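K.L.:
Got a sequence here, can you build the structure:
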Amino acid sequence: MTLPSDTEGAPAPHLVTEGDWAGWSRWSDDPFETRVGPFYSRRRDDGSVVCAFVAQARHMNAGGFMHGGCLMSFADFALFCIGAEALRGGHAVTASMNSDFVDAARVGERIEAAGEIIRGGRSLVFIRGLVSAEGRPVMSFSGVLKKIGAAAGRG
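P.N.:
So this is what the prediction gives:
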């Protein structure tokens, strides 16, 4: 995934103005995330970022629980939303991502991810977070984003 931007030619988030997700943003330019999600994000009043989507039958594995690949794709999306300020509107790629599954998510549950930037340097941004289902932790994650192009020179 590359970081959405409003200044350097990368895709920009689109504000949802109607329906259940009004007031949230999503990136419709990423075909994989649109197909797997769609995933949404918004900035809370305290400045932190939260990402969310609602679990559907198509997100489940054969056992009836959310597929681990879906959770990991969502966590990757969240890395970029949480790290957006440190990336300063530039491009980045996921250099590393770790995850630990701690519980199962089910159809109909609201899945959310939140986290924090541990360190943002000139070329790397370190992030950790937690994915929850209806407030119940289901996966912890951490990742490193690598700034590419012009974004790597600032910071």
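K.L.:
for stretch 16-27, the distance to its chain's centre please.
P.N.:
15 Å (C-alpha atoms, centre = their mean, to the nearest Å).
K.L.:
any residues touching that stretch, and which ones?
P.N.:
4, 11, 13-15, 33, 37-42, 52 (C-beta atoms under 8 Å, 6 or more residues apart in numbering). C-beta coordinates here come from the backbone N, C-alpha and C atoms, glycine included.
K.L.:
Next: stretch 67-84.
P.N.:
1-4, 32-33, 36-37, 39, 41, 49, 51, 53, 59-61, 87, 92, 94, 97, 99, 101, 105, 111, 113-117, 120, 125, 127, 129, 131, 138-139, 141, 143, 145.
K.L.:
Please pick the buried ones from those.
P.N.:
Buried subset of the contacts of stretch 67-84 (neighbour count, 16 or more other C-beta atoms under 10 Å): 1-4, 33, 36-37, 39, 41, 49, 51, 53, 59-60, 87, 92, 99, 101, 105, 111, 113-115, 117, 120, 125, 127, 129, 131, 138-139, 141, 143, 145.
K.L.:
Longest strand in this protein, by number of residues?
P.N.:
strand 136-148 (DSSP state E).
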